[in-house]
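S.K.: After the sequence you'll find the predicted model.
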Amino acid sequence: MSERILHIDCSFGAAGDMLSAALLDLAVPEEAEALLAELNSIGVPGVEYELSHVCKCGISGAYLSVRVHGEEEDDHNDEHLSCDYKTGHEHSHSHSHVHRGLADIEAIFVGLSLSDEARAHALAIYKLIAEAESQAHGVDVAEVHFHEVGAMDAIADVAAFCVLFEKLGVDRITATDVGVGSGQIRCAHGILPVPAPATAYILKGVPMCNTNLKGELCTPTGAAILKHFASEFGVMPVMSCEETGYGMGKKDFDWPNCVRAMLGTAEDRICELECNLDDMTAEAIAYAMERLYEAGAVEVFTTSVGMKKSRPGTLLTALCHENVRDAVVEAFFKHTTTIGLRETLKRRYILGRESELISTPYGDVRCKKSSGYGVEKYKYEYDDISDIAHRMGMSLSEVVELIERNR
C-alpha cells in the first residue's frame, strides 16, 4: 500500500504565507483559484487572500498576499515583532494600536468556517506561538498580546495552511532541517540574535541550520506550522514525486527566497529486527513476544536455528514500522537475554484491506476483503465462523459453505 507524503524543503527558511503558497502551487491553475476562493470564504475578519506568481533567482512560484483591511504586513521575516505585552513594550507598527490576547484569537478561530480537524490543527499551532512568546519574554501566556495586523496576518497564514493540508489528503509531512539564517536583527525589543528567541523555542528538538545567509529566514509562524505537522526532519524519504510547488517570500536575496513542497508516494517499508537466543525458556520467549507486540510490532515470530557449539536455538524476529523501532528495540533488550540485534529495512507490498459485516441466519460474520495488484481475496473471521460451528455442531468448512450458499 502506497503512502502519500508531503516533503517540505525549508532549507532556505519558512514563513506561514510561503508554506501556504507552496501548497497552492501544487495545484493546477483552475484548482488553485478554487482553493483561493475557499480560503477567502473561511471568514478571517478583514482578511483577503491574493495569489500571484513571481520569479526569484530563476525559479517561478506562487506568492500569497494576505491583506488585513487592505493592508499587507510590512515584513513577514519580522512576524514576531507583532507581539506586545501589558508591560508596555513599544511595538514596531504605528498604523494600529489594537491588541488581542490568546483567548481573543482562539475565539476568532472558533468563529471561522473551518472543519473540526482544521480548526484543531490551527488552535494547536497558535498555542505554540503564544507559548513561545511567553517563554522568550518571561511573561505569562495570558499577558502576551498580539498587534492587530500581525495577529490577523498570522491567523490567516495558519488557517490557510490547515485548510490546504486537509485538501491534500496526505498521510504524513516530512521536512528538511530548518534554515533559520544567521546574524542579528533589530526589533522593538532591541538587537536580537537569529533565530529570534520565540522561533528558537518553537524549534526546540528540531534540527536547524544557520547557513551563511544573513538575516532571519524562519518566522515563528512558519516554525510553529512545521513543528506541529512534520513527523520527521532531515533527508527526503524515498518517494516517487508527483508534483512540486514553490512558495515565494516577499524579500529578494542572492538566493531563492522560497519554500519547496514535493508531493509523492512512498512504498510501505518495514523494519525487521531479529536476534538468536539459546538460553531462554519457551515461556520466557512467549512473554517477550507479547511485549514486542505491545511495543508496536506488527508481526512477531520464531524460527528454530542451530547455533554455536551445536546448540539448538530460537531466532526471534519482529517486524515494525520505523516510527516505533526504538520502542521495539527497547523491548527486545528488556525482555530477552540478547545483547545485540540485527536490523534490515525492507520494502513491503500489501493488498488494500477492508472489513464487511455480513448478516446470516446463523449470526453476523465479519468478512475481511483484500484487493490490489489485479487480485481480490476475502476471508471470514475465524472467531465468528468457529462460534457458529460450535453452536450448530458443524465443521468450519460446512459453516463456510452455508454462508456462501446464503449470500
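M.R.: Happy to help now that I have it. Numbers count the residues shown, from 1 in each chain.
S.K.: Strands of the stretch 1-150 of the chain, residue ranges please.
M.R.: Listed in chain order, the strands of the stretch 1-150 of the chain (DSSP state E, counting those that start in this stretch) span 3-9, 47-56, 59-68, 71-72, 83-85, 99-101, 144-147.
S.K.: okay, these, which one's buried deepest?
M.R.: Highest mean neighbour count of the strands of the stretch 1-150 of the chain: strand 144-147, a mean of 25 (counted as mean count of other C-beta atoms under 10 Å). From N, CA and C alone the C-beta is placed, and that goes for glycine too.
S.K.: Can you give the strand pairings for that strand, parallel or anti for each?
M.R.: Applying DSSP bridges, strand 144-147 is found paired with strand 83-85 (antiparallel), strand 99-101 (antiparallel).
S.K.: Give the rounded mean pLDDT of the last one.
M.R.: Model confidence over strand 99-101, given as mean pLDDT, is 74.
S.K.: was I right about Ala159 contacting Gly111?
M.R.: No - Ala159 sits out of contact with Gly111 when judged by C-beta atoms under 8 Å, with a separation of 11.2 Å.
S.K.: which of the two has more neighbours?
M.R.: Between Ala159 and Gly111, counting by other C-beta atoms under 10 Å, Ala159 is the more crowded of the two (29 against 13).
S.K.: what about that one, which SS state?
M.R.: helix (DSSP: H, G, I helix; E, B strand; the rest coil).
S.K.: which residues touch it?
M.R.: Going by C-beta atoms under 8 Å, 6 or more residues apart in numbering, Ala159 touches Leu39, Ile42, Val44, Phe109, Leu112, Leu114, Ala118, Ala122.
S.K.: Buried among those? Make that a ChimeraX selection.
M.R.: Buried members of the contacts of Ala159, defined by 16 or more other C-beta atoms under 10 Å, are picked up in ChimeraX with:
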select :39,42,44,109,112,114,118,122
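S.K.: how about the contacts of Ala159 in TSV, adding distance to Arg311?
M.R.: Below are those laid out as TSV (distance: C-beta to C-beta, whole Å):
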residue	distance to Arg311
Leu39	67
Ile42	67
Val44	70
Phe109	64
Leu112	67
Leu114	63
Ala118	59
Ala122	60
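S.K.: Quickly name whichever of the contacts of Ala159 is closest to Pro312.
M.R.: The nearest member of those to Pro312, counting by C-beta to C-beta, is Ala118 at 57.5 Å.
S.K.: Nearest residue to Glu131 in space, please, no chain neighbours.
M.R.: In space, and not counting its chain neighbours, Glu131 is closest to Val141: 6.1 Å by C-beta to C-beta, 6 or more residues apart in numbering.
S.K.: Pretty sure that neighbour sits against Ile129.
M.R.: No - contact criterion C-beta under 8 Å: Val141 and Ile129 do not qualify, at 10.4 Å.
S.K.: more crowded one of the two?
M.R.: Neighbour comparison, Val141 and Ile129: the larger count goes to Ile129, with 31 against 15 (by other C-beta under 10 Å).
S.K.: check contacts around that one.
M.R.: Ala154, Ala198, Ile202, Pro220, Thr221, Ala224.
S.K.: Throw together a ChimeraX command that grabs the buried residues out of those residues.
M.R.: The buried subset of those, as determined by 16+ other C-beta under 10 Å, is captured in ChimeraX by this line:
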select :154,198,202,220,221,224
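S.K.: With distance to His321 as new columns, can the strands of the stretch 1-150 of the chain be given to me in CSV?
M.R.: CSV is the format used below for these (distance: least, C-beta to C-beta, whole Å):
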stretch, distance to His321
strand 3-9, 10
strand 47-56, 37
strand 59-68, 34
strand 71-72, 44
strand 83-85, 39
strand 99-101, 41
strand 144-147, 38
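S.K.: Can you say which of those strands is nearest to Ala230?
M.R.: With respect to Ala230, and counting by C-beta to C-beta, the nearest of the strands of the stretch 1-150 of the chain is strand 3-9 at 7.0 Å.
S.K.: Report the strands that pair with that closest one, each with its relative direction.
M.R.: strand 172-175 (parallel), strand 258-266 (antiparallel).
S.K.: Relative to Gly58, which of the ones you listed is closest?
M.R.: Across those, the minimum distance to Gly58, taken as C-beta to C-beta, is reached by strand 258-266, at 11.1 Å.
S.K.: So for that closest one, what gets flagged as buried?
M.R.: Cys258, Val259, Arg260, Ala261, Met262, Leu263, Gly264, Ala266.
S.K.: Pull the distance from it to the chain's centre.
M.R.: Remark: strand 258-266 is offset 13 Å from the chain centroid, using C-alpha atoms, centre = their mean, to the nearest Å.
S.K.: Where do the helices of the chain begin and end?
M.R.: Listed in chain order, the helices of the chain (DSSP state H) span 16-25, 29-39, 102-111, 116-137, 148-168, 197-202, 220-229, 282-294, 325-335, 382-392, 396-406.
S.K.: With Cys55 as the reference, name the closest of those.
M.R.: Using C-beta to C-beta, the helices of the chain put helix 16-25 closest to Cys55, at 12.6 Å.
S.K.: and the two most separated of the contacts of Ile129?
M.R.: Ala154 and Ile202 (12.6 Å).
S.K.: joint contacts of the two?
M.R.: In contact with both Ala154 and Ile202: Ile129, Pro220, using C-beta under 8 Å, 6+ apart.
S.K.: Could I get the contacting residues of Phe165?
M.R.: Contact analysis of Phe165 by C-beta under 8 Å, 6+ apart lists Leu6, Leu23, Ala118, His121, Ile173, Phe229.
S.K.: The first one and Gly169 touch, don't they?
M.R.: No - taking C-beta under 8 Å as the definition, Leu6 is not a contact partner of Gly169, at 9.9 Å.
S.K.: Of the contacts of Phe165, which pair is most distant in space?
M.R.: Leu6 and Ala118 (15.4 Å).
S.K.: quick revisit: got the helices of the chain as a markdown table, with distance to Glu343 columns?
M.R.: Formatted as a markdown table, the helices of the chain follow (distance: least, C-beta to C-beta, whole Å):
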| stretch | distance to Glu343 |
| --- | --- |
| helix 16-25 | 34 |
| helix 29-39 | 42 |
| helix 102-111 | 43 |
| helix 116-137 | 34 |
| helix 148-168 | 32 |
| helix 197-202 | 33 |
| helix 220-229 | 28 |
| helix 282-294 | 14 |
| helix 325-335 | 8 |
| helix 382-392 | 32 |
| helix 396-406 | 39 |
